[in-house]
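Student: missing the sequence, but the structure's below:
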């Protein structure tokens, strides 16, 4: 890990693992942007985003995570693969780019951009294509 205090960044290389409750995101590289806790806590609410509460560097907290290279989000029986992901902690929102592909049970969804609103358990897939596999096809 390299911390760039003047640039308000921390950089992680190789086998990066980030966790939030039952969700895990892995990647080859991640850049974390942080801000002063006082300036980022306008509503005086405790942070609940990815890596919290251990997301603080001194008096700072993470505001943005940019993950690149073999990004994989795993949550329950769902997996999403992409080349790049942006996590916005304040909105608890994840944006996946670079041919994102979601795999779950009997279907696969691909698109050009996937936006996941984690606190709402809701997603938007742009340029989407859905493939549904019949159960008898999966058993072969």
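Tutor: That came through fine. Model, not experiment: these values are computed from the prediction.
Student: distance of the residue nearest to residue 133 when sequence neighbours are not counted from residue 130?
Tutor: Leaving aside its chain neighbours, residue 133 sits nearest to residue 106 (5.1 Å; criterion: C-beta to C-beta, 6 or more residues apart in numbering). (Each C-beta comes from the backbone N, C-alpha and C, glycine too.) Using C-beta to C-beta, to the nearest Å, we find residue 106 at a distance of 11 Å from residue 130.
Student: show me where this protein has strands.
Tutor: 2-4, 9-20, 23-36, 56-57, 60-75, 78-88, 93-97, 101-104, 107-110, 113-117, 122-126, 129-132 (DSSP state E).
Student: would JSON lines of the ones you listed with mean neighbour count and mean pLDDT be doable?
Tutor: JSON lines is the format used below for the strands of the chain (neighbours: other C-beta atoms under 10 Å; pLDDT from 0 to 100):
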{"stretch": "strand 2-4", "mean neighbour count": "11", "mean pLDDT": "81"}
{"stretch": "strand 9-20", "mean neighbour count": "15", "mean pLDDT": "92"}
{"stretch": "strand 23-36", "mean neighbour count": "19", "mean pLDDT": "92"}
{"stretch": "strand 56-57", "mean neighbour count": "14", "mean pLDDT": "49"}
{"stretch": "strand 60-75", "mean neighbour count": "20", "mean pLDDT": "93"}
{"stretch": "strand 78-88", "mean neighbour count": "19", "mean pLDDT": "96"}
{"stretch": "strand 93-97", "mean neighbour count": "21", "mean pLDDT": "97"}
{"stretch": "strand 101-104", "mean neighbour count": "16", "mean pLDDT": "93"}
{"stretch": "strand 107-110", "mean neighbour count": "15", "mean pLDDT": "92"}
{"stretch": "strand 113-117", "mean neighbour count": "19", "mean pLDDT": "96"}
{"stretch": "strand 122-126", "mean neighbour count": "13", "mean pLDDT": "95"}
{"stretch": "strand 129-132", "mean neighbour count": "11", "mean pLDDT": "88"}
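Student: quick one on the thing from earlier: give me the pLDDT value at the residue nearest to residue 133.
Tutor: Looking at residue 106, its pLDDT stands at 85.
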